[in-house]
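[1] Structure, please.
(chains A and B)
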Amino acid sequence: MSERGIQWFRFTAPANFYDLAGRLIPWFAALTIALFAAGLYLGLVVAPPDYQQGDSYRIIYIHVPTAWMGMFLYVLMAVYAAIGLIWRIKMAEIMAKAIAPTGALMTFFALWTGALWGRPTWGVYWVWDARLTSMLILLFLYLGYMALHAAIDDRQRASNASAVLAMVGVVNVPIIYFSVQWWNTLHQGASITVTDAPTMATIMFVTLMIMVLAAWMYSIAVVLARARVEVLERERNARWVQERLEDGRT
Amino acid sequence: MMEFLAMGGYWPYVWGSYLVMAGLIAVEMVQVRYRRRSLMGWIRRMARIRAQEEKQ
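    Predicted structure coming up:
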């Protein structure tokens, strides 16, 4: 009985995910559009220019959300990778793999917008300081994870090897976060912390939080969509895929 | 309108940030959609072949 139960679970877990994600994605996509529309309008039109930085500070509305997302997605990817490695849960392996490209993209956005914000405010696009360098390492960790996954043909070995890389790389995330306290750096400290009131105007803070939520919703939608394709690719010969094709529930 | 686009003289930095992000997000979405579409095409073809084999 129990053996049959386990096999049944294994057979349906990806199918359940496939159906559930298919229902959830449109909602997250709609939320993404609504939040981005509101955030962009408030950030680019309504919010006043900064008294020191003029309009260049408006980069904050994409710089901070993507930087947070890049760090958070890395931790999430490592957690899924660890679950996949330790308990051999197929869906966890798929989620880790599906998160990586979006995490890499978010990290790249943080670096790119940071460079374009650094030029007018610091006078340089890039400096080799602690915050910027540790963020660049995060991007390389993502790219290394993806390259390692792609380089090994055997799916299980690829998943195991890249999971170890993801887990080791987690040490970099607190380094990024605390880099502005531990080292002298050109990058400013945190304006928003859990313990103190934010050191910025209310309209700017609210807009920033809307953009943070928008980045969340986008990441969830696109990661679920990618994981869904990954499930389909692995299970393309399974009976449940045929059933959904016949019912038109794809 | 021109004033909005000029971003107080910071337009290359502000629009350089926002447009690159918009462009790459579009690329990411198209890439996922394309992967899904080509995979669905493969699955449909295989289903057709299987159905034909069953008929014969």
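
[2] Can you read off the backbone torsions of the residue nearest in space to the middle of chain B?
    Compute the mean C-alpha point of chain B, and by Cα atoms, centre = their mean the closest residue is B:V30, 1.1 Å away. According to degrees, to the nearest 10, the main-chain angles of B:V30 amount to phi -60, psi -40.

[3] Could you name the specific helix or strand carrying the residue nearest to A:W240 when sequence neighbours are not counted?
    Computed as Cβ to Cβ, 6 or more residues apart in numbering or on different chains, the closest residue to A:W240 that is not its neighbour in sequence is A:A15, at 4.2 Å. (Each C-beta comes from the backbone N, C-alpha and C, glycine too.) Taking DSSP states H and E as the criterion, A:A15 maps to helix A:2-41.

[4] Same check on A:H187?
    Going by DSSP H and E, A:H187 is not in any helix or strand.

[5] That one and B:R36: what is the separation?
    39 Å (Cβ to Cβ, to the nearest Å).

[6] As a check, name the ranges of all helices in chain A.
    A:2-41, A:60-87, A:90-122, A:130-151, A:155-169, A:172-182, A:202-234, A:239-247 (DSSP state H).

[7] you'd agree A:T250 is up against B:M40?
    Yes - judged on Cβ atoms under 8 Å, A:T250 makes contact with B:M40 at a distance of 6.5 Å.

[8] the more surrounded of those two?
    When A:T250 and B:M40 are compared for neighbours, B:M40 comes out ahead with 16 against 13, by other Cβ atoms under 10 Å in any protein chain shown.

[9] backbone phi and psi for that one, please?
    Reported as degrees, to the nearest 10, the phi and psi values for B:M40 are phi -60, psi -40.

[10] For it, give me its contacts.
    A:L232, A:T250 (Cβ atoms under 8 Å, 6 or more residues apart in numbering or on different chains).
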